[in-house]
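Undergrad: The following block contains a protein sequence and its predicted model.
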Amino acid sequence: MGGADRVDGGITLRVESSDGGSVPLRLAAKRMVNLGSATRKAETARAHQEEVAKDGIHIAFDVPAPRIYPIAAQVLTTDEEVQVQGSHTSGEVEIVVVATGGRLYVGVGSDHTDRALEQTSIQWSKQACANVIAPVLWPLDDVAEAWDRFVLKSWVDGRLYQDVGTAAFLRPEDMLRIVHERAPGLPQDALVIFGGTIVSLDKRLGFGRRWEFALEDPQTGRTIRHGYDVVDITQAIAEPFRVPLRNPAPSHA
């Protein structure tokens, strides 16, 4: 696998400024959260909620949106290969907000998810897979004024899967503010927020071997794009010897 360098438990990213400058950034995230239904209008998120409900995934609507899912930071990666258990996993495109070194950065990622496990627990299903972040960040100060014109896209096996404007979601600074209001125990620094997603173009969860995602500024052409291949590690075991992903029913013999 390529991309992540974990000598000190962190990952190496690159900060690209609007003036063409580029500097490395070492990120050792202390904490990470994934947001759900982090849209400016409630009805925007509703289509995605209906989409996942088709696969038996039900959201805790008694908890106010945006819902906060704490995810252990060790699953954050820039790797170009993601290992999973089973074929029922999928990715998506999400805004990523990084608070580190007293500055705020934005990027793009995919919180790859075990959809079978998600029927039991959304939180566990996201912890079971990698949170993939593109290895490039933009300083929020550079793009804040133009933020609402940006576009998020994802592809599965080369097929366009999602295409949505950033204006559909809470602004990055609002995501950070809400997270700190509702989770005061989180650190101010070395914090990563995945900003949630919305419905796919065909309104169905997608599955495939190759996932790509991008954050684009259509006016200037600036783009952050990244991708990864999905490997089902259960396939390496001969079928008669595979332990089932779901525990067998107890025997009453």
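TA: On my side now, so go ahead.
Undergrad: Buried by neighbour count: which residues of stretch 222-232 qualify?
TA: For stretch 222-232, burial by neighbour count (16 or more other CB atoms under 10 Å) applies to 222-224, 226-228, 230. Where C-beta positions appear, they are placed from N, C-alpha and C, glycine not excepted.
Undergrad: List the buried residues for the helix or strand that Phe213 is a member of?
TA: Assigned by DSSP states H and E, Phe213 belongs to strand 210-216. Buried residues in strand 210-216, counting neighbours by 16+ other CB under 10 Å, are found at 211-216.
Undergrad: which residues of this protein fall in helices?
TA: 42-53, 115-118, 122-127, 140-143, 172-182 (DSSP state H).
Undergrad: Can you tell me which helices and strands the third one packs against?
TA: The one in question is helix 122-127. Secondary-structure packing of helix 122-127 (3 or more CB pairs under 8 Å, 6 or more residues apart in numbering; DSSP states H and E): strand 67-71, strand 113-114, helix 115-118.
Undergrad: Columns mean pLDDT on top of the ones you listed, output as TSV?
TA: Below are the helices and strands packed on helix 122-127 laid out as TSV (pLDDT from 0 to 100):
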stretch	mean pLDDT
strand 67-71	95
strand 113-114	94
helix 115-118	91
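Undergrad: Just name the most buried of those.
TA: strand 113-114 (a mean of 24; mean count of other CB atoms under 10 Å).
Undergrad: pretty sure Gly107 contacts Val96?
TA: Yes. Look at Gly107 against Val96 with CB atoms under 8 Å: they come within range, at 4.4 Å.
Undergrad: what ranges of the chain fall below the confidence cut-off?
TA: Under the criterion pLDDT under 70, the flagged ranges of the chain are 1-9, 43-55, 57-58, 60, 253.
Undergrad: circling back to that earlier point, right, and the helices of the chain - which one's nearest Arg204?
TA: helix 42-53 (6.6 Å; CB to CB).
Undergrad: before we move on, the earlier item: how about the helices and strands packed on helix 122-127 in a markdown table, adding distance to Phe194?
TA: As requested, the helices and strands packed on helix 122-127 are exported to a markdown table (distance: least, CB to CB, whole Å):
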| stretch | distance to Phe194 |
| --- | --- |
| strand 67-71 | 8 |
| strand 113-114 | 11 |
| helix 115-118 | 15 |
